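Enquirer: Coordinates for the following, if possible.
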Amino acid sequence: MHIGRVVGAAVGDAPVAAGAVPPLVGPPHPASAAAAECAALQSNKRMILCDAMALLYRSHYAFSEAHRLRNVAGEDTTVLFGFLSTLFNLLEVQPPPTHFAVVFDARGKTFRHEIYEGYKGQRASCPEEIKEAIPRLQQLLRAMAIPFIQVSGVEADDVIGTLAVRAVEEDIVVAIASPDKDFFQLLRAGVMLLRPPKKPAPGERVNKFAMLPYYPANFKEDYGLEPRQFIDLLALAGDSSDNVPGVQGIGPKTAAALLRQYGTLEGVLDHAAEAKPKKAAAQLSSPEGRAAAQLSQKLVRIETALDHPPVQLPLEQLRLQLPADRGADLLKQFQRLDFTRHTARVKDLWAGPLYQAR
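Expert: Next comes the predicted model:
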């Protein structure tokens, strides 16, 4: 475990178009219910929780091999540059966050691997560029006084889920920054997501490190379900990205239809013989199909009540603050990395209302 104290730039450290940085509590994707939720998500305390590995992968693949970034010493700085671009975008949202944490996956297997040996078994090894970037990024986060957390035996998702639920109980509005769809299940009053924009149309220029708000009403509009039902949607349909099996022959559309009719996975299994199409009824009625659904439900459910000491730390320890050395170490590191634009951005942040009110 580590707890370190401490939305954007485009290719080549160039400035981006005005209006690229989205608000934490700002215009959601169009839906009147989402607009109402947006207005309700007002609080004097606002927390952003970053899914570190998902954002590191996004940063790594944001650049083609021909456009990798290097400093004067020849070091590949692409992953660090991309992650920090997203980080600054998040710190620049309006109204600004008061609390912040970056959550990393710890090395080694988790309780899900004990439940199912094949969990995430199909995934390729983590790219070396990301592995090499992680300790350097954690050094930068320490120098920025940005808290970061790792907990062995569980995933970052579970740490984020537990912190988010605790924060809402303490009247802190939460935004989870991640492209991972698993976090849909955490959407509720006081919890929103910050997700990458959809793929742009040909010729459209967008900030590749932008993060846009996504609310419970947006999920309901997109899926026709309540966010809590997303667990059971994945239990039925599976999730190939994590090698979660689901029930053979049941895809997302069939799973969603069954949940609209029967409400929960348990309800679907209780009415398995009545399910449509007949192929789904046969699978759900079989011992193998039932077991696969129940196993998958355990795998996809994000834990929200971890009792590990790092996750039970006082949330005030996640409050943003200026570095003790006033940023001297960070600026030296940025100089070695040739992060000129990031240097300007962090100085602007430290001089602005986000930190001056601390």
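Enquirer: buried stuff in stretch 153-164?
Expert: Going by neighbour count (16 or more other CB atoms under 10 Å), the buried part of stretch 153-164 is V154, E155, A156, D157, D158, V159, I160, G161, T162, L163, A164. C-beta here means a position set from N, CA and C on the backbone, and glycine is covered the same way.
Enquirer: so of those residues, which ones are in strands?
Expert: Using DSSP state E, no member of these falls in strands.
Enquirer: Turn the residues you listed into TSV, including pLDDT and distance to V346.
Expert: As requested, these are exported to TSV (pLDDT from 0 to 100; distance: CB to CB, whole Å):
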residue	pLDDT	distance to V346
V154	94	31
E155	95	30
A156	96	24
D157	97	28
D158	97	30
V159	97	26
I160	98	24
G161	98	30
T162	98	29
L163	98	24
A164	98	26
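Enquirer: Let me know the closest of those to M211.
Expert: Proximity of the buried residues of stretch 153-164 to M211 (CB to CB) peaks at I160, which lies at 14.8 Å.
Enquirer: any idea how far the closest residue to that closest one other than its chain neighbours is from P196?
Expert: Taking CB to CB, 6 or more residues apart in numbering, and ignoring the residues beside it in sequence, I160 has L49 as its nearest neighbour in space, at 4.8 Å. Taking CB to CB, to the nearest Å as the measure, L49 and P196 are separated by 16 Å.
Enquirer: Neighbour count for those two, which is higher?
Expert: Taking L49 and P196 together and counting by other CB atoms under 10 Å, L49 has the greater number of neighbours (28 against 21).
Enquirer: Shouldn't the more buried one be within a strand?
Expert: Yes: residue state for L49 (DSSP: H, G, I helix; E, B strand; the rest coil) corresponds to a strand.
Enquirer: Helix or strand next in line after the top helix by length along the chain, which one?
Expert: Taking residue count as the measure and DSSP state H as the definition, the longest helix of the chain comes out as helix 128-143. Past helix 128-143, further along toward the C-terminus, the next helix or strand under DSSP states H and E is strand 148-151.
Enquirer: Just the C-alpha atoms of that following strand, please, in PDB.
Expert: The C-alpha coordinates for strand 148-151 follow below in PDB (Å, rounded to 0.1, in the frame of the first residue of the first chain):
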ATOM      1  CA  PHE A 148      -2.200   8.200  -4.400                       C
ATOM      2  CA  ILE A 149      -3.300   4.800  -3.000                       C
ATOM      3  CA  GLN A 150      -2.500   1.100  -3.700                       C
ATOM      4  CA  VAL A 151      -4.000  -1.800  -1.800                       C
END
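Enquirer: now for that strand, which elements pack on it?
Expert: In this structure, strand 148-151 makes packing contacts with strand 2-4, strand 99-105, helix 156-169, judged by 3 or more CB pairs under 8 Å, 6 or more residues apart in numbering; DSSP states H and E.
Enquirer: any idea how far G246 is from V103?
Expert: With distances taken as CB to CB, V103 is found 26 Å from G246.
Enquirer: do the same with L233
Expert: Distance, L233 to G246, using CB to CB: 9 Å.
Enquirer: so who does E129 touch?
Expert: With contact set as CB atoms under 8 Å, 6 or more residues apart in numbering, E129 has these partners: H60, D76, T78, V79.
Enquirer: before we move on, the earlier item: between L233 and G246, what contacts are shared?
Expert: Shared contacts of L233 and G246 (CB under 8 Å, 6+ apart): A255.
Enquirer: Which one of those two is surrounded by more residues?
Expert: Neighbours per residue, other CB under 10 Å: of L233 and G246, the larger number sits with G246, 26 against 22.
Enquirer: Closest one to E316 out of the buried residues of stretch 153-164, please.
Expert: Nearest to E316 out of those is L163 (CB to CB; 12.8 Å).
Enquirer: Surely that closest one and L49 touch.
Expert: Yes: with contacts defined as CB atoms under 8 Å, L163 counts as touching L49 at a distance of 5.9 Å.
Enquirer: Buried residues, stretch 334-349. List them.
Expert: Residues F334, L337, D338, F339, R341, H342, T343, R345, V346, L349 are the ones in stretch 334-349 that count as buried (16+ other CB under 10 Å).
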